[in-house]
Structures are given as C-alpha cells and as structure tokens.
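> Structural data only, the sequence is not supplied:
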C-alpha cells in the first residue's frame, strides 16, 4: 500500500518553530559576543588577582601580558587584527561544532534539516555526513582530545588564581571549569572511549563503572552544553569587567 501524500509541510499544531528559533538566537548572540571579545585583545588578565579569562587561555603569543602567559610565549606577535585566542579557538570551536548535540542544534536551527520532528525539510536530497564539509564531523574524537588538554589548562589557571586569596572571581573560575569538565566528560566520544568497544563488561569492572557514570552525565549532555557555553561567556565578562576597572572583585580572603 502506498503512503498517503500530504500536501502540508506538517500536521503539527503546536509551536514547533519556537525551539529552533530560540536555539538560533541563542547561538547567534553568543557568537557575536565571542567574536567581539576575541578580537578586542584586551581586558583578559587581572594582575592583582591572577584571573585569566578562559577565552584567552593559554595565552601563547608575544603580545600576551607576560604574567598571563603561564606556559610561555611560543608564537610571535600576530599580524593585523589577529589576537592570541585565534591559536586555540579552532580546537574549542571544532569540539563544539562537531559535538553530537550541537550538530542537532544547528542542523535544525540554521539549516532546517529538519527544523523539527514531523516537519518536512526544504532540501530536495539528503547526503548525510558523507561529503565535504560535513564529513569533517568525524574528527570529533580528536577535537575531544584537544579540548580535554585545554580543560586541564583552565583548571590550572583556576587553581593558580587562589594564590592571591579568595574572591568572587575565584568562585566563578572554579564553577566554570566544573561545568566545562562536566560537559567534556558527558561527550559521546568520552563515553565510547570509556566502554564503547567492550564486549564483556564483567571482565572490565573499572571501565564498566566509568562508562556507567559517564552515561549518567551523557543524559544531561544538552543541558551541560548550554550551561558550559553560557558560563564561559559570563566568566569572560566578569574578568573583563574587573580587568577594565568597571567593577571591583568581591574579596572574601586576602
């Protein structure tokens, strides 16, 4: 029996367009803020309290404030409008863009492929992720390795800042790395590395336990993706406001 032909794009009567629209607006606003801060090239380091924004960590070029270059200035000053974050952004952006959740988010919100469940998409054919550029989505595991290394550096930065005492900035930096760690560990690639290739869980109890714990985080991957992304921006904003003298850091222990 042939399938019934439905002329309407969808039979859904709810506001199915609201989630993709909200996602699109959210990602657009965050992208604008991140681009502005990346190319601003200033207010990323608070020398008095050793706060370094995660958007500039690690700071590896000669134009970095020496005290903020915790791992040295590996690269010469960048030409033109380029700033230190352009060294690390390809890895961070690559990890987010190839993330399984973000794929769903921007496929629906930006490409309408499809915009929602039970809603026809405007594209005439579907090739999946088998052709350029989407075949690059398969690099997600390698971006996971790079993001994990950058996470360890962010954790180091947050701990180093406690050397001057404890302030609100320390709490924010600590909360930021906590959310980044939860998001990174909840990654599908991390879950697969922990236990995805095991054929007998009973023979690998430690890896099985690790896999089950990561699976619990994986159930919250979408929420952690948004929470960590938004909080990175809030952390950067706080550091920028303190570094520019717009606000003063609330100190608890000096």
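Received it, and whenever you're ready, just let me know what you need. As the structure is a computational prediction, the values presented were derived from the model and not from experiment.

> my read: residue 191 touches residue 216, true?
No: the pair residue 191 / residue 216 is not scored as a contact, 10.1 Å apart, by CB atoms under 8 Å. Using the backbone N, CA and C atoms, a C-beta is placed for each residue, glycine as well.

> The two - which one has more neighbours?
residue 191 (20 against 9; other CB atoms under 10 Å).

> Report how many residues lie close to the residue nearest to residue 202 when sequence neighbours are not counted.
Once flanking residues are discounted, residue 202 sits nearest to residue 208: 7.7 Å by CB to CB, 6 or more residues apart in numbering. The local packing of residue 208 (other CB under 10 Å) involves 16 other residues.

> Over to residue 35?
When neighbours are counted by other CB under 10 Å, residue 35 registers 11.

> measure it to residue 227 for me?
According to CB to CB, to the nearest Å, residue 35 and residue 227 sit 21 Å apart.

> In contact with the residue nearest to residue 202, which residues are there?
The contact partners of residue 208, taken as CB atoms under 8 Å, 6 or more residues apart in numbering, are 195, 198, 201-202.

> In contact with residue 172, which residues?
So residue 172 contacts 234-235, 238 (CB under 8 Å, 6+ apart).

> Which of those ranks first by neighbour count?
Counting by other CB under 10 Å, top hit in the contacts of residue 172: residue 235 with 25 neighbours.

> ok, and the closest non-adjacent residue to it?
Excluding the flanking residues, the one nearest residue 235 by CB to CB, 6+ apart is residue 176, at 4.3 Å.

> Quick check: which element contains the one you found?
helix 168-185 (DSSP states H and E).

> What residues sit buried inside that helix?
Counting neighbours by 16 or more other CB atoms under 10 Å, one finds that the buried residues in helix 168-185 are 168-170, 172-174, 176-177, 179-185.

> What is the nearest of the residues you listed to residue 77?
Within the buried residues of helix 168-185, distances to residue 77 taken as CB to CB reach their minimum at residue 173, with 26.8 Å.

> still on that earlier bit, so of the contacts of residue 172, which ones are in helices?
234-235, 238 (DSSP state H).

> Switch those over to a markdown table; also include pLDDT and distance to residue 55.
A markdown table is the format used below for those (pLDDT from 0 to 100; distance: CB to CB, whole Å):
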| residue | pLDDT | distance to residue 55 |
| --- | --- | --- |
| 234 | 98 | 11 |
| 235 | 98 | 8 |
| 238 | 98 | 12 |
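
> now those as TSV including distance to residue 63?
Output for these, formatted as TSV (distance: CB to CB, whole Å):
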residue	distance to residue 63
234	25
235	22
238	23
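
> From those residues, pick the one nearest residue 138.
Within those, the smallest distance to residue 138 is 30.7 Å, found for residue 235 (CB to CB).

> just the helices in this structure please.
18-40, 89-98, 100-109, 140-160, 168-185, 188-195, 205-218, 221-243.

> I'd like those written out as JSON lines, with distance to residue 64 added.
Formatted as JSON lines, the helices of the chain follow (distance: least, CB to CB, whole Å):
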{"stretch": "helix 18-40", "distance to residue 64": "14"}
{"stretch": "helix 89-98", "distance to residue 64": "15"}
{"stretch": "helix 100-109", "distance to residue 64": "29"}
{"stretch": "helix 140-160", "distance to residue 64": "13"}
{"stretch": "helix 168-185", "distance to residue 64": "18"}
{"stretch": "helix 188-195", "distance to residue 64": "30"}
{"stretch": "helix 205-218", "distance to residue 64": "33"}
{"stretch": "helix 221-243", "distance to residue 64": "14"}
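
> buried residues in the lowest-mean-pLDDT helix or strand in the chain?
One helix or strand of the chain scores below all others by mean pLDDT, DSSP states H and E: helix 188-195, with a mean of 87. Going by neighbour count (16+ other CB under 10 Å), the buried part of helix 188-195 is 188-191, 193-195.
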